[in-house]
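Participant: coords please:
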Amino acid sequence: MSFSSMNRLSIFVDGNNMFYAQQKNGWFFDPRRVLEHFVSDPEVTLINAFWYTGLKDPQDQRGFRDALISLGYTVRTKILKEYYDDHSGRISQKANLDIEIVVDMFNTVDQYNRVILFSGDGDFERAIELLRSKNTHITVVLQKE
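Facilitator: Okay, here's the model as predicted:
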């Protein structure tokens, strides 16, 4: 088995999570540079790159989503839901795409042996455990909430 076939990589990006993390920390998450970094490595074969994001309405972020698709990302979306916080009296919007991320991870598990998950969400622990039991190398790039 050649070494390059051992590095079949899939990338999963929790887009909303990365957006809030960069706002909070003043850094910029560049989707193009993320892909370029891995594609430029001759020992890595990029199998998939998924991007997950919540939308205010079906037209929301249209230009950005088109740009992601042209870069090579598979974009998964969900309409944001409004939640009323009794404690603060504020309405917040949230689209939880954890299930979609996990479904895609397991639906494509035979295609890769290395995963990079960009998310600050702790809900992926069990999924990560299961993937590791299948000898998948997982790197989680996270921002603690």
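Participant: all contacts plus neighbour counts: C-alpha atoms, from now on.
Facilitator: Fine.
Participant: List the contacts of Arg114.
Facilitator: Asn7, Arg8, Leu9, Ser10, Thr136, His137, Ile138 (Cα atoms under 8 Å, 6 or more residues apart in numbering).
Participant: Same check on Val115?
Facilitator: Leu9, Ser10, Ile11, Phe12, Thr136, His137, Ile138, Thr139.
Participant: out of the contacts of Arg114, which are inside strands?
Facilitator: Mapping those onto strands (DSSP state E) picks out Arg8, Leu9, Ser10, His137, Ile138.
Participant: With pLDDT, distance to Leu80 and neighbour count added, can I get those in CSV?
Facilitator: Converted to CSV, the ones in strands among the contacts of Arg114 look like this (pLDDT from 0 to 100; distance: Cα to Cα, whole Å; neighbours: other Cα atoms under 10 Å):
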residue, pLDDT, distance to Leu80, neighbour count
Arg8, 96, 33, 18
Leu9, 97, 29, 23
Ser10, 97, 26, 22
His137, 94, 32, 16
Ile138, 94, 28, 18
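Participant: As a markdown table, the residues you listed with distance to Asp110 would be great.
Facilitator: A markdown table is the format used below for the ones in strands among the contacts of Arg114 (distance: Cα to Cα, whole Å):
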| residue | distance to Asp110 |
| --- | --- |
| Arg8 | 10 |
| Leu9 | 11 |
| Ser10 | 11 |
| His137 | 13 |
| Ile138 | 14 |
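Participant: pLDDT on the helix or strand where Ile116 lies, on average?
Facilitator: Using DSSP states H and E, the element containing Ile116 is strand 114-118. If you average the pLDDT over strand 114-118, you get 95.
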